[in-house]
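**Q** my questions are about this predicted structure, shown below with the sequence.
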Amino acid sequence: MLVKGSQKAKDTELTVRFTQWYCAHHHRDVARTELVSGGVEAGIYGKKAPILCADCARYANYAERRTETCRFDPKPFCSTCTAKCYKPEMTEYARKVMRYSGPRSLRSRFALRALQHILASRRHKGTD
Ligand SMILES: [Zn+2]
């Protein structure tokens, strides 16, 4: 179970809010409903559950579970992590979501966290 307010919960919220933006833009013609997940039950998204299509909801649930069971503490950003615990299909999904929502996030309340993410990824690429 993700604990509301924890770093893992915040990271998960960021990932899933990114997914929601991506979904709202790319899956406009698909039926989209409130996400049903452990994270929603734990209240990590606040009062508004993310609205997602079935594919994005599947990805969100997967991302929640991966973060929940991450063996690192503190959890690194997934893009810089050496464990690569996502299956290829979901890594690809994460890339698509980040490509769309990353730049957008700099104009949102997630800006600081997103910026940390970008800087950490750069640093990682520089030393690897
Ligand atoms: Zn979608």
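**A** Received it, and whenever you're ready, just let me know what you need.
**Q** please identify the buried residues of the longest helix seen in the chain?
**A** The longest helix of the chain (DSSP state H) is helix 7-26. Neighbour counts over helix 7-26 (16 or more other CB atoms under 10 Å) mark 8-23 as buried. C-betas here are computed from N, CA, C, even on glycine.
**Q** same for it, what does it pack against?
**A** On a contact count with 3 or more CB pairs under 8 Å, 6 or more residues apart in numbering; DSSP states H and E, helix 7-26 meets helix 38-42, strand 51-52, helix 54-68, helix 88-105, helix 111-127.
**Q** so which residue is dead centre in this structure?
**A** Nearest to the geometric centre of the chain sits residue 15, at 1.4 Å (CA atoms, centre = their mean).
**Q** how many other residues sit next to residue 1?
**A** Neighbour count of residue 1, defined by other CB atoms under 10 Å: 10.
**Q** so what's it closest to, chain neighbours aside?
**A** Spatially, and ignoring its direct neighbours in sequence, residue 1 is nearest to residue 42 (5.8 Å; CB to CB, 6 or more residues apart in numbering).
**Q** from residue 101, how far out is the one you found?
**A** 22 Å (CB to CB, to the nearest Å).
**Q** name the helix or strand of this structure that has the lowest mean pLDDT.
**A** Lowest by mean pLDDT, DSSP states H and E among the helices and strands of the chain is helix 111-127, with a mean of 76.
**Q** could you list every residue that touches residue 72?
**A** Under the criterion of CB atoms under 8 Å, 6 or more residues apart in numbering, the neighbours of residue 72 are 81, 83.
**Q** what's the closest of the buried residues of helix 7-26 to the ion?
**A** When those are compared for distance to the ion (CB to the ion), residue 23 wins out at 3.2 Å.
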